[in-house]
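**Student:** Quick one, fold the following:
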Amino acid sequence: MVIAFGRILSENLITLPRFGTINIHASLLPKYRGPAPIQWAIINGEKETGVCSMLMVKELDAGNVLLSAKEAINPDDTAGTLYERLASKGAAILIDTLKAFADNRIQSMPQDHSLATYAPMLTKDDGLINWNQSPESLVNFIRGVTPWPGAYTFLGDKRLKIFKSRPLAMDITEFPGTVLKGFADELRVATAKGALCIEEIQGDSGKRLLIKDFLRGHGIPPGSVLG
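**Tutor:** Next up is the predicted model:
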């Protein structure tokens with residue numbers, strides 16, 4: 001049984017067990033094969049994902065599916081909160097799979113490889129926010145990389161980590177990344193279409209704060225450019 005193991009096993013090892021090698025994967029295969037299915041499902045704005053048990057083969061996450069269970073992605077889910085639910089669901093799927101093997105009632109279903117998508121590994125650099133996107137896409141991105149690698153941007157040479165945001169429909173002419181005028185306790189940032197309201201933030205040195213508390217000690221005037 002293999003769960004969240006960060007290496008590719010050799011074919012000789014995979015085929016060694018008499019009944020095969022079982023993998024638990026946090027997506028509804030064949031979608032989101034690869035090492036970061038939870039993060040990419042949120043980043044891409046999916047409304048639903050799940051967890052599968054499958055028989056391992058030489059190709060990455062391409063084996064026959066044994067059992068699967070769906071899980072809704074909530075609008076406020078981050079990769080961290082969704083991981084917790086899928087981990088619990090994955091444990092239940094693993095137990096059910098082993099019971100089905102023991103009772104000789106397991107059935108496998110081949111994947112439709114033409115529908116396969118890939119969820120590549122994320123690195124620390126992948127948390128950098130690209131403001132030249134829609135605010136909805138940026139909300140999903142921030143959720144998808146929380147808690148790791150974490151969404152961040154720069155104000156000059158100061159790094160700001162963003163934890164929570166919401167889209168704001170408004171007509172703008174400012175360049176994406178420009179801080180816009182708003183209420184005193186708001187931080188509005190221009191995007192490719194509309195604005196993003198930052199709700200929770202952390203400075204270079206400090207703790208995670210609500211934006212109104214952060215701005216009391218760290219003024220970011222309109223016209224500043226984040227990037």
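
**Student:** gap between the residue nearest the centre of the chain and Ala151?
**Tutor:** Of all residues in the chain, the one closest to the mean position by CA atoms, centre = their mean is Gln39, 1.7 Å from it. Gln39 sits 11 Å away from Ala151, going by CB to CB, to the nearest Å. C-beta: built from backbone N, CA, C; applies to glycine.

**Student:** Quick one: the helices in the chain, in order.
**Tutor:** Taking DSSP state H, the helices of the chain run over residues 11-14, 37-43, 79-102, 135-144, 211-217.

**Student:** Show me what the fourth one is packed against.
**Tutor:** Using 3 or more CB pairs under 8 Å, 6 or more residues apart in numbering; DSSP states H and E as the contact test, the elements touching helix 135-144 are helix 37-43, strand 158-168, strand 195-202.

**Student:** average pLDDT across the first one?
**Tutor:** In this model, helix 37-43 has a mean pLDDT of 98.

**Student:** before we move on, the earlier item: who touches both of Gln39 and Ala151?
**Tutor:** Common neighbours of Gln39 and Ala151, counting by CB atoms under 8 Å, 6 or more residues apart in numbering, are Val145.

**Student:** Can you give me the domain assignment for this structure?
**Tutor:** With domains defined by automatic domain parsing, the chain comprises 2-115, 124-217.

**Student:** The residue nearest to the centre of the chain and Pro120 touch, don't they?
**Tutor:** No: in this structure Gln39 lies outside contact range of Pro120 using CB atoms under 8 Å: 9.7 Å.

**Student:** re the thing from before, quick one, what contacts the residue nearest to the centre of the chain?
**Tutor:** Counting by CB under 8 Å, 6+ apart, Gln39 touches Ala79, Ala119, Leu122, Gly144, Val145.

**Student:** And the furthest pair within those residues?
**Tutor:** Looking at the contacts of Gln39 by CB to CB, the two members farthest from one another are Ala119 and Val145, with 12.8 Å of separation.

**Student:** Among the two, which residue is more densely surrounded?
**Tutor:** Val145 (24 against 21; other CB atoms under 10 Å).
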